[in-house]
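**Student:** Show me the folded form of this:
(2 chains)
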Amino acid sequence: MSIKADDFVDITDVVCPVTFVKAKMGIEELEDGQILEVKLNEGEPLLNVPRSFKDEGHKVIEVNDNGDGTFTVFVEKSGL
Amino acid sequence: MENVDYKELKKGGFMRQIQKNYFSMRLKSVGGQLTVQQLETIQKVAEKYGHGYIHLTSRQGVEIPFININSISQVKTQLGEGGVKVGACGPRVRTITACQGNSICPSGLINTVEVAEELEKRYGGRELPHKFKFGVTGCCNNCLKAEENDLGIKGGIKPSWNNSECTFCGLCEAICPAKAIKVGKTDKQLYFEPDKCIYCGKCVKICPTSAWSGKSGFIVSFGGLYGNRIAIGRRLLPLIFSIEILYKTIDIALAFFEKNAKNGERFANTLDRVGWKLLEKELNKAL
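**Tutor:** Residues are numbered from 1 along each chain as shown, chains lettered A, B, ... in the order given. Okay, here's the model as predicted:
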């Protein structure tokens, strides 16, 4: 957890496709180069949300397993 | 009424209904695709000769129920003029099913539609000791359920990792369903166990820096059944990268089935009786 995020969004309380919408709204608030911290559930969200970030040009820079069925992903806006 | 050759009718995709003199007419589709022109033709025929509805079969096909025996030749002509062919029933290669594959689906690893069309061209309707089903699915998510088929084809990727691109973010480790990847974030190391890899390609698709790349190929399974008996098709070969070798293995499998099966015996039952090793030996000749 050495990365300092500029904003945080928790999408563990929603399911696809709202996960994607919520994550997208989170990243849109930021400036290029800033970092969003996203807490998401393992399984489908972990597979699809980072892939959507990639498709939109944002770079996942770190992923941490929280050990409780959730992961925390740090994403740099427009980092790709 | 003329004498009816039911066997001939069934060959041409007419399924006898419980209602006397009526048939549910099976139409040809390849990889679950129909053009709007074909749909229009099907609509007209269902309205004029059927009961104004169609049935979507479990294998991506269309049937038009309630075709009267006396209308069969007109129906065939009208369908033919509209670009619709009659499907296959009986002991032969059946409708080739496929998902949309990598030309549409973000998860797809192979061009399933192209493969399905080529399978149809090479083997469609071929007579065999019993029915024979092909299914083509684009990736390990397996929407088309490859292993339910006598011969299943599934897209796969053999991944390789490039150290200089990797940022050790840990995403590939988190998403790998086979737990074949360990990322050492502090020591900047990545540990990959190729033996555990199921060729799903998720690491390649998801990697933010394209440190994972790979060559896609075909995972082929043999002897799947999903009827009275349920058997999961078995993988007997490594990932196949060449399209020529893919068709060579299929040629061998069909020749093996033709040679060894009793009439009315499904592929899995033949393989259980004569031995899977025998097929495996034959298939290895293609590699």
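**Student:** Once you drop chain neighbours, what's closest to B:Y6?
**Tutor:** B:R16 (6.7 Å; C-beta to C-beta, 6 or more residues apart in numbering or on different chains). Placement of C-beta: from N, CA and C, glycine included.
**Student:** Wait, that neighbour touches B:M25, no?
**Tutor:** No. Between B:R16 and B:M25 there is no contact under C-beta atoms under 8 Å: 11.0 Å.
**Student:** So between these two, which is more surrounded?
**Tutor:** Using other C-beta atoms under 10 Å in any protein chain shown as the criterion, B:R16 and B:M25 rank with B:M25 on top: 30 against 15.
**Student:** what packs against the helix or strand hosting that one?
**Tutor:** For B:M25, the element it lies in under DSSP states H and E is strand B:22-27. The contact analysis (3 or more C-beta pairs under 8 Å, 6 or more residues apart in numbering or on different chains; DSSP states H and E) places strand B:22-27 against strand B:14-16, strand B:62-68, helix B:72-81.
**Student:** Kindly reformat the ones you listed as CSV containing mean pLDDT.
**Tutor:** Formatted as CSV, the helices and strands packed on strand B:22-27 follow (pLDDT from 0 to 100):
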stretch, mean pLDDT
strand B:14-16, 89
strand B:62-68, 97
helix B:72-81, 93
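**Student:** out of the ones you listed, which comes closest to B:W161?
**Tutor:** Closest approach to B:W161 among those (C-beta to C-beta): strand B:62-68, 45.4 Å.
**Student:** So which bits of that closest one are buried?
**Tutor:** Neighbour-count burial for strand B:62-68, counted by 16 or more other C-beta atoms under 10 Å in any protein chain shown, picks out B:V62, B:E63, B:I64, B:P65, B:F66, B:I67.
**Student:** can you give me the offset of that strand from its chain's centre?
**Tutor:** On the basis of C-alpha atoms, centre = their mean, to the nearest Å, strand B:62-68 sits 25 Å off its chain's mean C-alpha point.
**Student:** contacting residues around that strand?
**Tutor:** B:14-15, B:17, B:19, B:21-27, B:29, B:34, B:42, B:45-46, B:49-51, B:53-57, B:75 (C-beta atoms under 8 Å, 6 or more residues apart in numbering or on different chains).
**Student:** ok, the residue nearest to B:Y6 to chain A distance?
**Tutor:** B:R16 is 44 Å from chain A, where distance means C-beta to the nearest C-beta, to the nearest Å.
**Student:** Next: B:C99.
**Tutor:** Distance, B:C99 to chain A, using C-beta to the nearest C-beta: 18 Å.
**Student:** Can you give me the pLDDT of that residue?
**Tutor:** Looking at B:C99, its pLDDT stands at 98.
**Student:** show me what contacts it?
**Tutor:** B:G32, B:C105, B:G108, B:T112, B:V136, B:T137, B:G138, B:C143, B:L144.
**Student:** Filter those down to the buried ones, PyMOL style.
**Tutor:** Applying 16+ other C-beta under 10 Å to those, the buried members can be selected in PyMOL as follows:
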select buried, chain B and resi 32+105+108+112+136+137+138+144
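**Student:** Which of the contacts of B:C99 fall in helices?
**Tutor:** The helices, defined by DSSP state H, take in B:T112 from those.
**Student:** Widest-spaced pair of the contacts of B:C99?
**Tutor:** Spatially, the most separated pair among those is B:G32 and B:G108, at 14.0 Å (C-beta to C-beta).
**Student:** what comes up buried for the helix or strand containing B:K154?
**Tutor:** Using DSSP H and E, B:K154 sits within strand B:151-161. For strand B:151-161, the neighbour count (16+ other C-beta under 10 Å) marks B:L151, B:G152, B:I153, B:K154, B:G155, B:G156, B:I157, B:K158, B:P159, B:W161 as buried.
**Student:** sorry, back to before: mind listing residues that contact whatever helix or strand comes next after the strand holding B:M25?
**Tutor:** Tracing the chain C-terminally past strand B:22-27 and defining elements by DSSP H and E, one meets helix B:36-48 next. The contact list for helix B:36-48, computed with C-beta under 8 Å, 6+ apart, reads B:27, B:34, B:52-54, B:62, B:64, B:75, B:78-79, B:81-84.
**Student:** please redo it, this time with the cut-off set to 6 Å
**Tutor:** Helix B:36-48 is touched from outside by B:G52, B:I54, B:I64, B:V75, B:Q78, B:L79, B:G82, B:G83, B:V84, with contacts defined as C-beta atoms under 6 Å, 6 or more residues apart in numbering or on different chains.
**Student:** before we move on, what SS does the last one have?
**Tutor:** Using DSSP: H, G, I helix; E, B strand; the rest coil, the three-state assignment for B:V84 comes out as coil.
**Student:** contacting residues around it?
**Tutor:** B:L27, B:Q38, B:T41 are the contacts of B:V84 under C-beta under 6 Å, 6+ apart.
**Student:** Highest neighbour count among those residues?
**Tutor:** Neighbour tally across the contacts of B:V84 (other C-beta under 10 Å): the maximum, 22 neighbours, falls on B:L27.
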